[in-house]
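1. have a look at this prediction, sequence included:
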Amino acid sequence: MECIKNSRAIQHLLKYKPLLKELVVRDLKVKYRRSFLGYLWSLLNPLLMMVVMTVVFSFMFRSNIENFPLYLICGNTLWAFFCESTTMAMNSVLSNGALIKKVYIPKFIFPISRVLSSFVTMSFSLVAILIVMLVTRTPFHWPLLLFPIPMVLLLVFCIGIGMVLSALAVYFRDIMHLYSVITMAWMYATPIFYPLDPEVLPQQIINVIKYNPMYHYINFFRQIVIYGNIPEIETWIFCAGSAIISLVIGLAIFRKMQKNFILYL
């Protein structure tokens, strides 16, 4: 029964594909409206963040991570996408309340469009990663061709999380304030600027972090970009599994809660 409902949701998504495209384009235009550099910020933001954090952790706090600038920008790029996309998706239904009241549109299109617009921004940020690879003279290995896989799996994961948050935000506005605290705690529980090393962290903490989906997405990306390795099968399973579970749960919760959206918008 759940599979049938999910297939109908996919059919709705395909039917409203032009609208979804327009919403993504609108979000991108609004994001960079009145900005002098415009889309160049998608390139400059990760580079500037990498420079600042590299200075901090290379001189103020000693870091022994090999090729730390590339290690940092890989983790920060994926984390920034996750944080931005889910935060934008959380407010998507509320911000389109006037449109929802006027015409019938599958409501799950709104959080999906926000996640997709952030995904486009992250795609631009890949140029920044390429620049860092060239500057640090990182070798280009053939597993690098697999880079779209962790990105697409993370996209699916974020869509699921975004749908849950967007549905909850309609009923509980406080979630929008609470989520910033959650993402801060989640960021520190994700090895973005520190290694998952027993010499740095207690083994009990490492075991907990390994249940963090974001650790596996970032580790997948780093393995193919920095080290030229194909990730272990456990990483593939965890990334794909968490993406599918997130999407299924997100669709189920959103579908159940959307019936009374109109009463709270």
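-> That came through, no problem.
2. need the three-state assignment for the nearest residue to Val115 once chain neighbours are set aside.
-> Leaving aside its chain neighbours, Val115 sits nearest to Ser85 (4.3 Å; criterion: C-beta to C-beta, 6 or more residues apart in numbering). (Glycine included, C-beta is placed from N, CA and C.) Secondary structure state of Ser85, per DSSP: H, G, I helix; E, B strand; the rest coil, is helix.
3. tell me the first helix or strand C-terminal of the lowest-mean-pLDDT helix or strand in the chain.
-> When the helices and strands of the chain are scored by mean pLDDT, DSSP states H and E, helix 2-15 comes last with a mean of 58. Once helix 2-15 ends, the next helix or strand along the chain (criterion: DSSP states H and E) is helix 17-31.
4. low-confidence ranges in this structure?
-> Residue ranges of the chain with pLDDT under 70: 1-16, 28-29, 31-44, 46, 50, 53-63, 265.
5. how about the residue nearest the centre of it, what does it touch?
-> Nearest residue to the geometric centre of the chain (C-alpha atoms, centre = their mean): Phe82, 2.2 Å. By C-beta atoms under 8 Å, 6 or more residues apart in numbering, the residues touching Phe82 are Leu154, Phe157, Cys158, Met214, Tyr217.
6. so how far is the helix or strand containing the fourth one off the chain centroid?
-> Assigned by DSSP H and E, Met214 belongs to helix 213-225. Relative to its parent chain, helix 213-225 has a centroid offset of 12 Å by C-alpha atoms, centre = their mean, to the nearest Å.
7. likewise for stretch 97-105?
-> Using C-alpha atoms, centre = their mean, the offset of stretch 97-105 from its chain centre is 27 Å.
8. isn't Ile149 right next to Phe220, touching?
-> Yes - the pair Ile149 / Phe220 is scored as a contact, 7.4 Å apart, by C-beta atoms under 8 Å.
9. neighbour count winner among these two?
-> Neighbour tally, Ile149 and Phe220, criterion other C-beta atoms under 10 Å: the higher count belongs to Phe220, 25 against 16.
10. quick one: the more buried one from Lys102, how far?
-> 42 Å (C-beta to C-beta, to the nearest Å).
11. what residues does the strand or helix carrying Met176 touch?
-> Using DSSP H and E, Met176 maps to helix 175-188. When contacts are defined by C-beta under 8 Å, 6+ apart, helix 175-188 is touched by residues Trp79, Cys83, Thr86, Thr87, Met90, Asn91, Leu165, Leu168, Ala169, Asn212, Met214.
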